[in-house]
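Novice: Predicted model and sequence below, questions to follow.
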Amino acid sequence: MRPRSAPPGAAAHLPRRRPRIRDAGAVYSDSCSAAWGYVLGPNSPQWRVFVRAQRVDDNRKADSSFKGEARSNSWGDALSTTVGCVRAEAWIDSGPKAVTSCWRP
């Protein structure tokens, strides 16, 4: 079944409920010694996706969020892993958080 476009002047169909996070995790880069979070899932003007990298040793946080039309999946800001381990957290609106383990090379 192919998706259809809304007729001119009609509102496009949008999901009525916010989705659950299908998968979230942390990505590490050797070249920059940093880690950041990601979320696999849709973006929409109807909800905001939050991604946080948190260094547990000093409680430093790098928060990012997105709400709007864009390709699926969201990436957060990076934190250095040279001074402590970094974990990622992700959530949609005020929904439940997905949290990774703390990672350090």
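Specialist: Ah, there it is.
Novice: now what about the lowest-mean-pLDDT helix or strand in the chain, what contacts it?
Specialist: The helix or strand of the chain with the lowest confidence, counting by mean pLDDT, DSSP states H and E, is strand 23-29 at a mean of 74. Contacts with strand 23-29, where a contact means C-beta atoms under 8 Å, 6 or more residues apart in numbering, come from 34-41, 51, 53, 78, 81, 86-90, 98, 100, 103, 105. All C-beta spots, glycine's among them, are computed from the backbone N, C-alpha and C.
Novice: Just the buried ones from those, in PyMOL syntax?
Specialist: In PyMOL syntax, the buried subset of the contacts of strand 23-29 is picked out as below (16 or more other C-beta atoms under 10 Å):
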select buried, resi 34+35+36+37+38+39+41+51+53+78+81+86+87+88+89+90+98+100
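Novice: out of the contacts of strand 23-29, which are inside helices?
Specialist: Using DSSP state H, no member of the contacts of strand 23-29 falls in helices.
Novice: Which members of the contacts of strand 23-29 are positioned in strands?
Specialist: Counted as lying in strands by DSSP state E, out of the contacts of strand 23-29, are 34-40, 51, 53, 86-90, 98.
Novice: Just give me the least confident of those.
Specialist: Lowest pLDDT among these: residue 40, with 82.
Novice: was I right about that residue contacting residue 72?
Specialist: Yes: in this structure, residue 40 is within contact of residue 72 by C-beta atoms under 8 Å, at 7.3 Å.
Novice: Residue 66: which of the ones in strands among the contacts of strand 23-29 is nearest?
Specialist: residue 51 (8.3 Å; C-beta to C-beta).
Novice: mind listing what that closest one touches?
Specialist: Contacts of residue 51 (C-beta under 8 Å, 6+ apart): 24, 36-39, 63-65, 74-77, 88-90.
Novice: Not including adjacent chain positions, what is the nearest residue to it?
Specialist: residue 76 (3.2 Å; C-beta to C-beta, 6 or more residues apart in numbering).
Novice: Poorly predicted segments of this structure, please.
Specialist: Along the chain, the parts satisfying pLDDT under 70 run over 1-24.
Novice: what's across from residue 87 in the sheet?
Specialist: With DSSP bridges as the criterion, residue 87 is bridged to residue 54.
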